[in-house]
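J.: Sequence plus the predicted model coming up.
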Amino acid sequence: MDDGLTRRQADAAYRAIFNGIGDALAAGQDVTLRGFGRFSTKFRPFHWRQIPRDHEIVRIPDRTHVTFTAGRTLRLAADASPDDGYFDAMIARKKRSSRQLLSQPEHNPLHYETQFDLGIAYREMGQIKDAFAKFHAALSLLDKRERGARFVRCCYLIAMCHKDIGDFELAAQWLEAGLASPKRPAAERLELEYQLGVLLGMEGKLEEALDHLSIVCAANPVFRDAAEHMRSLQALRFSRTVHG
């Protein structure tokens, strides 16, 4: 193997590590692997639960759950995953130039990239009103017939601003405008579908939300937490059906 270990040695090391973690947790000790994360246990006493199907009340016995908190290195690796948002990487690349622009506002020319980057900076600082103004300014500088990458990026960021302030209906409309753009990359469309599914779920529009999230899961079953969102919405839909 590349690290000088044979397959048997690597397997033995793997087993030793996880056996050690298991033994420590069984003894009530937390285990921290620097950069990777922290394993700990949480005791949950017995409780009663109603089975939705037949409404039977059952006793769930005491249990000790293992919990895991990801470390910084692992979180950064996850942030760089191709399953992460299509737009997130673009936003991350622009944050540095956005801060530089804010430090010299008198030199900010009125063109698309400058206004768009300033919008990102203002949103990052929580100044949503100013972010709206910059994203709309960037959008106004495009040809009215343009429906390419720059138009979709504006739609996405304006939608996220509306989401930030809890205006989910308008946020969904801007995401739909982005989705309506023809011949866009699959990764871009996947992120728009995902965000739209999440927003519609927040609005309580379960069927529409599930439609969008099912598109995401069909294309990429492990994209973000789309599958988990679907399960939650399906459970909520079932609960509404049972309880009227």
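T.: Sure, I can see it.

J.: what about L200, distance to L175?
T.: According to Cβ to Cβ, to the nearest Å, L200 and L175 sit 9 Å apart. In this view, the C-beta of every residue, glycine as well, is placed from N, C-alpha and C.

J.: and those two? which has more neighbours close in?
T.: For the pair L200 and L175, the greater number of neighbours falls to L175 (29 against 24), based on other Cβ atoms under 10 Å.

J.: what's in contact with the host helix or strand of that one?
T.: Counting by DSSP states H and E, the element that carries L175 is helix 168-179. Outside of helix 168-179, the residues that reach it under the criterion Cβ atoms under 8 Å, 6 or more residues apart in numbering are 151-152, 155-156, 158-163, 184, 189, 192-193, 195-196, 199-200, 202-203.

J.: What of stretch 25-32?
T.: Outside of stretch 25-32, the residues within contact range by Cβ under 8 Å, 6+ apart are G20, I21, A24, R38, F39, S40, T41, V66.

J.: and these, which of them are in helices?
T.: Using DSSP state H, the members of those that fall within helices are G20, I21, A24.

J.: ok, so of these, who is nearest M90?
T.: The shortest approach to M90 among the ones in helices among the contacts of stretch 25-32 belongs to I21, at 37.8 Å (Cβ to Cβ).

J.: K42: how many residues sit nearby?
T.: For K42, the number of neighbouring residues by other Cβ under 10 Å comes to 9.

J.: Ignore what I typed, I meant I17.
T.: A total of 12 residues lie near I17 under the criterion other Cβ under 10 Å.

J.: what does A70 give?
T.: Neighbour number of A70 under other Cβ under 10 Å is 14.

J.: what do you get for S239?
T.: S239 is flanked by 10 other residues according to other Cβ under 10 Å.

J.: I'd assumed it was in a helix, is it?
T.: Yes - with DSSP: H, G, I helix; E, B strand; the rest coil as the criterion, S239 is located in a helix.

J.: Tell me how far it lies from L118.
T.: The separation that S239 has from L118, given Cβ to Cβ, amounts to 44 Å.

J.: Equivalent analysis for Q9, please.
T.: When Cβ to Cβ is the yardstick, Q9 and L118 sit 54 Å from each other.
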